[in-house]
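**Q** Here's my sequence, what's the structure:
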Amino acid sequence: MSVPVPTPVIRSLPAARLVDFNPRNPMGKDTEESLQLLFQENPQKGCEALFRQYYAALCSHSVRLVYSREVAEDIVSEVFCRFWSDRVYESVTTSFVAYLYQAVRNRSYNYLRWELQKSRQSTDPQQLSVVDYQPSPAEMVQFDELQRKIEQTIEQLPSQCKRVFLLSRFENRKYQEIADELQISIKTVETHISKALSTLRLVLKDEGLLFLIVLFSC
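**A** Okay, here's the model as predicted:
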């Protein structure tokens with residue numbers, strides 16, 4: 001999955017580090033009002049401000065749904081591109097961040113939905129709406145239950161194994177970086193990653209979702 005990011009808004013911005021994102025309290029009232037005014041005066045600067053402040057947090061949220069750093073970054077970049085190129089900001093009735101959070105969540109669900117369908121039959125990704133897809137209540141329950149099982153499985157891993165896996169998966173550390181930080185060999189890092197993937201493979205196999213192992217291995 002590769003999403004081109006051609007707009008000057010995205011292209012001109014620095015890369016951001018992934019951080020936790022709290023959608024229940026995304027920004028203060030004053031900040032939201034300031035963004036509204038900024039968009040009225042200069043929409044490009046408004047998009048740049050949103051991107052700088054929330055790109056990393058939105059990636060952090062998406063990666064916890066799709067379990068792939070690369071896919072999560074593509075999803076968030078694509079949402080921002082459409083937000084800008086399609087002038088979506090003109091029709092947002094909630095806060096900008098609330099909209100972006102929901103769009104990223106829906107797109108992440110849509111990606112899982114597409115991967116699930118692709119694993120069962122040939123599916124054209126263009127047939128699935130990229131940003132506007134709204135998961136059904138049944139799909140949301142399925143995705144949330146899957147996420148809960150994966151998180152429980154990761155939490156039950158041996159402490160060192162879990163730490164290695166989370167550094168690799170959520171902080172995008174290279175094996176050498178993990179080995180240096182934890183003062184272990186690269187071979188030990190590989191062993192921990194293999195053990196974590198094997199454990200997750202058993203859970204996903206029971207759910208008929210082995211395609212997700214590809215995402216975990218990215």
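
**Q** element containing the closest residue to residue 143 other than its chain neighbours?
**A** Leaving aside its chain neighbours, residue 143 sits nearest to residue 109 (5.5 Å; criterion: Cβ to Cβ, 6 or more residues apart in numbering). Just so you know, the C-beta spots here come from the backbone N, C-alpha and C atoms, and that holds for glycine as well. Taking DSSP states H and E as the definition, residue 109 sits inside helix 96-120.

**Q** What residues sit buried inside that helix?
**A** 96-101, 103-117 (16 or more other Cβ atoms under 10 Å).

**Q** just how off-centre is that helix within its chain?
**A** In terms of Cα atoms, centre = their mean, to the nearest Å, the centre of helix 96-120 is set 9 Å apart from its chain centre.

**Q** which other helices and strands contact it?
**A** Contact partners of helix 96-120 among helices and strands, from 3 or more Cβ pairs under 8 Å, 6 or more residues apart in numbering; DSSP states H and E: helix 29-41, helix 43-66, helix 69-85, helix 137-155, helix 212-216.

**Q** Who are the packing partners of the second one?
**A** Right, helix 43-66. Using 3+ Cβ pairs under 8 Å, 6+ apart, helix 43-66 is in contact with helix 8-11, helix 29-41, helix 69-85, helix 96-120, helix 137-155.

**Q** Send me it as CSV with only the CA atoms.
**A** Once non-C-alpha atoms are left out, helix 43-66 reads as follows in CSV (Å, rounded to 0.1, in the frame of the first residue of the first chain):
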residue,chain,number,x,y,z
PRO,A,43,-6.6,27.3,4.6
GLN,A,44,-3.1,26.1,3.6
LYS,A,45,-1.6,27.4,6.8
GLY,A,46,-4.5,25.9,8.7
CYS,A,47,-3.8,22.5,7.2
GLU,A,48,-0.1,22.9,7.9
ALA,A,49,-0.8,23.7,11.6
LEU,A,50,-3.1,20.6,11.9
PHE,A,51,-0.6,18.4,10.2
ARG,A,52,2.3,19.5,12.4
GLN,A,53,0.4,19.1,15.6
TYR,A,54,-1.6,16.0,15.0
TYR,A,55,0.0,13.9,12.2
ALA,A,56,2.1,11.9,14.7
ALA,A,57,-0.8,11.4,17.1
LEU,A,58,-3.1,10.2,14.4
CYS,A,59,-0.4,7.8,13.1
SER,A,60,0.0,6.5,16.7
HIS,A,61,-3.8,5.8,16.8
SER,A,62,-3.9,4.1,13.4
VAL,A,63,-0.9,1.9,14.0
ARG,A,64,-2.8,0.5,17.0
LEU,A,65,-5.6,-0.6,14.7
VAL,A,66,-3.7,-1.8,11.6
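
**Q** And the average pLDDT for that helix is what?
**A** On average, the pLDDT along helix 43-66 is 90.

**Q** residues of that helix that come out buried?
**A** Using 16+ other Cβ under 10 Å as the test for burial, helix 43-66 gives 46-51, 54-66.

**Q** For the helix or strand hosting residue 201, what is the distance to the chain centroid?
**A** Per DSSP H and E, residue 201 falls inside helix 186-206. Per Cα atoms, centre = their mean, the displacement of helix 186-206 from the mean C-alpha position of its chain is 21 Å.

**Q** so for that helix, what's the average pLDDT?
**A** Per-residue scores along helix 186-206 average to 86.
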